[in-house]
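>>> Below are the sequence and a predicted model; questions follow.
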Amino acid sequence: MHIPASPRRRLAALACLAAAMTLAPPARAATNAGDLPTGPQTPFAVQRVAAFDGPWAIAFLPDGRLLVTEKAGRLHMATQGGEVHPVSGVPEVHDRGQTGLHDIAVSPDFARDALVYFSFVAPGHGGGALTLARARLEGSGPTAHLRGLQILWRQEPPGGRGHPGAHIAFAPDRQHLFLTVGERQDSDTAQDPDQARGKILRMRIDGSVPPDNPMAGAGGIRALTWSTGHRNPYGLAFAPDGRLWEHEMGPRGGDELNLIEPGQNYGWPLVSYGRHYSGLPIPDHDTRPEFHGAVLYWTPVIAPAGLVFYEGDLFPEWRGSALIGGLVAKGLVRIAMDGQGGARQVDRWSLGERIRDVAVAPDGAVWVIEDGRDGGLLRLTPKEKP
């Protein structure tokens, strides 16, 4: 049977990927948390501190101020009292559909280097290129500015219609960082080892290739690839025990919470807990044991966005839990970890608006930001007991 050139190349790429990536170990069956109910009342009081136009991510500076990105390409510095000032020096972004300015993360050594890391889709051919950059944050209030911009990584080839991923997480060793890259609505690229789309990348904090990556000697994007087979990864964070967790949006159903392990293939688009938007089925993970399955999934979806592990003092019963914002769920979800790679949803609270990101302040208060043109920056603190 004759196979055209393009499918032949794709089959060859898949064969190379299968050879390079280790087989997934036997895993427990994933649990569907999609039908779990929303709690009748919240254990926290909600204070609206400020509002932003299309916010995407929030991050705390060591002194308690926040950095807030807006998808259109604006960066702001905000105080916990609600004073907001623009930060200049942001590069031009491709603000279309789901793309623009995305995540921001403060250097683990900010007191020494004053660096902030951020992701954005840069203008370019076919929908722009997801880009990871860093710069020094200088000044304060109305004089805050990004200086010394460095591009650490850029998607090659560029292009795509959405799903940038774009979440940043620093490793506990403070020497490495991880970046999620969405498949940008071209699902086959998630299984192409020579494309960054649908991958989680691991690099040194200067953007170089760590020698202990699974395919460090392979060159190109393979050298940076930590895991593959992801769809739309919109949350990435390390738990207190050092494990790396990620969540991603499924298609029609099948949002996932994954424990990320090096060299593993998580299966998209060959397997899924959801269905195609057309309603046609996608093979389940049980049919392809070589792919690494999720720990939790949600059908109906919650559309998870933002992920942080709680280690503060204001909510002591939450310590070690993961907090996830919900765009469709319009609230906050708490996940309890069992310390052995398992997890379960223990709480879901409605906030009445799409929640785009979640962060924890130095004092232990939880902050979330709403999606949309008047996205509120909200501070959550324990309710006073009667």
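Sure thing, it's come through.

>>> Next secondary structure element downstream of the helix or strand bottoming out on mean pLDDT in the chain?
Lowest on mean pLDDT, DSSP states H and E among the helices and strands of the chain sits helix 5-20, with a mean of 44. The helix or strand immediately downstream of helix 5-20 is strand 31-32, counting by DSSP states H and E.

>>> helices or strands next to that next one in the packing?
Here strand 31-32 touches strand 296-298, going by 3 or more Cβ pairs under 8 Å, 6 or more residues apart in numbering; DSSP states H and E. In this view, the C-beta of every residue, glycine as well, is placed from N, C-alpha and C.

>>> Now do the helix or strand following the strand it packs on: which elements does it pack against?
Using DSSP H and E, the helix or strand that follows strand 296-298 in sequence is strand 304-309. Applying 3+ Cβ pairs under 8 Å, 6+ apart, one finds that strand 304-309 contacts strand 233-238, strand 244-248, strand 322-326, strand 355-360.

>>> Go through those and name the closest to Ala59.
strand 355-360 (6.2 Å; Cβ to Cβ).

>>> wait, which of the helices and strands packed on strand 304-309 is closest to Gly139?
strand 355-360 (22.1 Å).

>>> same question for the helix or strand following the closest one, mean pLDDT?
Sequence-wise, the next helix or strand downstream of strand 355-360 (DSSP H and E) is strand 366-370. Confidence for strand 366-370, expressed as mean pLDDT, is 98.

>>> Now do the buried residues in stretch 195-206.
Counting neighbours by 16 or more other Cβ atoms under 10 Å, one finds that the buried residues in stretch 195-206 are Gln195, Ala196, Arg197, Gly198, Lys199, Ile200, Leu201, Arg202, Met203, Ile205.

>>> Same list, these, but as a markdown table with distance to Pro91 and pLDDT please.
Putting the buried residues of stretch 195-206 into a markdown table (distance: Cβ to Cβ, whole Å; pLDDT from 0 to 100) gives the following:
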| residue | distance to Pro91 | pLDDT |
| --- | --- | --- |
| Gln195 | 23 | 97 |
| Ala196 | 19 | 97 |
| Arg197 | 21 | 97 |
| Gly198 | 25 | 98 |
| Lys199 | 23 | 98 |
| Ile200 | 24 | 98 |
| Leu201 | 20 | 98 |
| Arg202 | 24 | 98 |
| Met203 | 19 | 98 |
| Ile205 | 19 | 97 |
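
>>> Which one of these is nearest to Val116?
Out of those, the member with the shortest distance to Val116 (by Cβ to Cβ) is Ile205, at 12.2 Å.

>>> how about that closest one, what does it touch?
By Cβ atoms under 8 Å, 6 or more residues apart in numbering, the contact list for Ile205 reads Ser107, Phe170, Arg174, Gln175, His176, Leu177.

>>> Can you flag the buried ones in these?
Ser107, Phe170, His176, Leu177.

>>> Farthest pair within the contacts of Ile205?
Taking Cβ to Cβ, no two of those sit farther apart than Ser107 and His176, at 12.7 Å.

>>> overlap in contacts of the two?
Shared contacts of Ser107 and His176 (Cβ under 8 Å, 6+ apart): Phe170, Ile205.

>>> can you pull out the helices in the chain?
Taking DSSP state H as the test, the helices found in the chain are 5-20, 110-113, 220-224.

>>> Thought Thr189 was touching Gln195, still the case?
Yes. Gln195 is within contact range of Thr189, at 4.4 Å (criterion: Cβ atoms under 8 Å).

>>> got the contact list for Glu256?
Glu256 neighbours (Cβ under 8 Å, 6+ apart): Ala30, His247, Glu248, Gly250, Tyr266, Tyr273, Ala294, Leu296, Tyr297, Trp298.

>>> From those, list just the buried residues.
Ala30, His247, Glu248, Gly250, Tyr266, Tyr273, Ala294, Leu296, Tyr297, Trp298.

>>> so which two of these are the farthest from each other?
Checking the buried ones among the contacts of Glu256 with Cβ to Cβ, the most distant pair is Tyr266 and Trp298, at 15.6 Å.

>>> Report how many residues lie close to Ala45.
11 (other Cβ atoms under 10 Å).

>>> so what's it scoring on pLDDT?
Confidence score, pLDDT, at Ala45: 97.

>>> now the residue lying closest to it once chain neighbours are set aside: how far from Trp349?
Excluding the flanking residues, the one nearest Ala45 by Cβ to Cβ, 6 or more residues apart in numbering is Lys383, at 5.1 Å. Noted for Lys383: a distance of 12 Å to Trp349, by Cβ to Cβ, to the nearest Å.

>>> coming back round to it: list just the nearest of the contacts of Ile205 to Gly312.
Distances from Gly312 to those, taken as Cβ to Cβ, are shortest for Phe170 (18.4 Å).

>>> who does that closest one bridge with?
Taking DSSP bridges, one obtains Leu177 as the residues bridged to Phe170.

>>> In terms of pLDDT, where does it sit?
pLDDT recorded at Phe170 is 98.

>>> cool, and Leu146?
For Leu146, the pLDDT comes out at 98.

>>> correct me, but it touches Ala114?
No. Assessed by Cβ under 8 Å, Leu146 is found out of contact with Ala114, at 10.2 Å.

>>> Contacts only, for Val333.
Taking Cβ under 8 Å, 6+ apart, one finds Ile302, Pro304, Leu323, Ile324, Gly325, Gly326, Gln345, Asp347, Arg348, Trp349 in contact with Val333.

>>> Pull the number of nearby residues for Ala336.
16.

>>> What's opposite it in the beta bridge?
With DSSP bridges as the rule, Ala336 is bridged to Arg344.
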